[in-house]
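# Here is my input, please return the structure:
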Amino acid sequence: MKATEFWQGILGQLEVELPQHVYKTWLSETRGHTLTDDSLIVEVPSPFIAECLEKKMYQIIHRTVERVNSRSLDIHFKIPDKKNGSNVATKMGLKSAPNYSTARHLGWALNSRYTFDSFVVGPCNDLAYSGAQSVASHPGKTYNPLFVYSNVGLGKTHLLQAIGHQCATAGLSFIYVTGEQFTNEYISSIQSRTTNDFRNKYRTADVLLIDDIQFLRGKEQTQEGFFHTFNDLHSSGRQLVLSSDRPPAALSPLADRLRSRFESGLMVDMQPPDFETRLAILSTKAREHNINPPLDILEAIAKTAKSSIRELEGHLNKLLALSQMRNSPVDWDLVAQALPTISDSTVSVAQPDMIIKTVCQAHSISKEHLISKKRTRHVATARQIAMLLLYTDACLSITEIGEIFQRNHSTVSHSVKKMTALLTENAQFNSRVQSLKRQLVQAYS
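All right, here's what the predicted structure looks like:
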């Protein structure tokens, strides 16, 4: 097996396990160089990164290699041979982007995979995607600022970097940084008395992209600096795009004047992807890795990994790494070894017929009434509960549920979202659904 492919599998695991900023800073530019029976040599872009990996991250890297490889390897980090013109970032394809210079982009380098073309759009993120495309095409003229928020691992960074790539293609100056990096640079500029350089850098960009803006919470001095940066850019018609793990109203403690500015443009949230979107993401990632797993395996992963896109990618990366290590195809035997929880879950999913039967009995209605066009409140509520349980417990897709009830995609999707919201808003309704879930568990025990 080639060292580059082996190390890519290891990176896939580390990207899921490590905080995103840690992975970006220390590992995103590394590349597998040499793989032998007892050692692995990894190319890194600088002596500083080599030293940090040796001193701070060797143990977690070593454990990951041992887990994937089923045996221990000695790991060594080396700097590329300059006389051979070795360029780690170019070889890995992680920083190769459209033609732009460091003078035009003064923040973190972009991941070449995070483009609009590679972003899988679904009902969970279509508004965020449309908003991002709009500001990338007409910066400063449509939604300013664009504020994207969601839980971790749902694609915020992908969208912000996609905007950056399009800015680069259009020849616009832009900066992509995290809230933490902005804070560190601001404090450093004060300490080193280089605030003018800081202002010139951040207030002359056509587009400013800041990931994880929630990092500014509680940092009054940095908030003051960002407030003036925001005003200067906004008043001059320059675009601001911000991402956060929560909406502006929940960013406490944060100055009210900043919160009101965040809310003045377009605020869009990104929800966990539904089954169809998860399956599309897996299929896209599989094509990127030049593998073609059976559809039922991808469906099993999509039905099990619901919390984030990173979880989906982590499962696929683990399968890919084990497949490459053992030179075996991606089949159910490999899934049983690499992802035993997914393999086991395929036998424990509630059956649709049992869910429909249980809901009908609990509401004293017939199956014919449940799937009919009848719209009385009692029947409609039972129907929507059945749709919710078919989605969450039977892991059926919105399309499959629509086929059972002879409803279109939007009707089923609306029902599932409505019932999901009701679970958190109405304790009595939540208790009612949990009772049905317990009945289903007892039916299979």
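
# all strands for this protein, in order.
All strands of the chain, identified by DSSP state E, fall at 31-35, 39-43, 74-78, 146-149, 174-178, 207-211, 239-244, 266-269.

# The last one: partners in the sheet, and parallel or antiparallel?
Paired neighbours of strand 266-269 in the sheet (DSSP bridges): strand 146-149 (parallel).

# as a whole number, average confidence for the partner strand?
The pLDDT scores in strand 146-149 average 94.

# and what of stretch 408-417?
Mean pLDDT, computed over stretch 408-417, is 87.

# do the same with stretch 387-397
81.

# Pull the distance from it to the chain's centre.
Put simply, stretch 387-397 sits 23 Å off its chain's centre (C-alpha atoms, centre = their mean, to the nearest Å).

# all numbers from here: first residue = 690
I'll keep to 690 as the first residue from here, and by that count the last item is stretch 1076-1086.

# Endpoint to endpoint, that stretch covers what distance?
End-to-end span of stretch 1076-1086 (C-alpha to C-alpha, to the nearest Å): 10 Å.

# for that stretch, which positions count as buried?
Judged by neighbour count (16 or more other C-beta atoms under 10 Å), stretch 1076-1086 contains these buried residues: 1076-1086. C-betas here are computed from N, CA, C, even on glycine.

# rewinding a little: distance to residue 1010 for the strands of the chain - can I get that in CSV?
What follows is the strands of the chain, written out as CSV (distance: least, C-beta to C-beta, whole Å):
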stretch, distance to residue 1010
strand 720-724, 12
strand 728-732, 13
strand 763-767, 16
strand 835-838, 31
strand 863-867, 28
strand 896-900, 27
strand 928-933, 29
strand 955-958, 33
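
# Can you redo the ones you listed as CSV, where the extra columns are mean neighbour count and distance to residue 739?
Formatted as CSV, these follow (neighbours: other C-beta atoms under 10 Å; distance: least, C-beta to C-beta, whole Å):
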stretch, mean neighbour count, distance to residue 739
strand 720-724, 20, 12
strand 728-732, 19, 9
strand 763-767, 15, 4
strand 835-838, 25, 35
strand 863-867, 23, 23
strand 896-900, 26, 26
strand 928-933, 26, 31
strand 955-958, 20, 40
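
# Now flag whichever of the buried residues of stretch 1076-1086 is closest to residue 1114.
Nearest to residue 1114 out of those is residue 1077 (C-beta to C-beta; 14.0 Å).

# Please name the residues that touch that closest one.
Contacts here follow C-beta atoms under 8 Å, 6 or more residues apart in numbering; on that basis residue 1077 touches 1104-1105, 1108-1109, 1122.

# buried set for stretch 853-866?
853-857, 861-866.

# In the protein, where is pLDDT below threshold?
Along the chain, the model assigns pLDDT under 70 to residues 690, 708-711, 713-714, 735-737, 740-741, 770-797, 1030-1039, 1084, 1130-1134.
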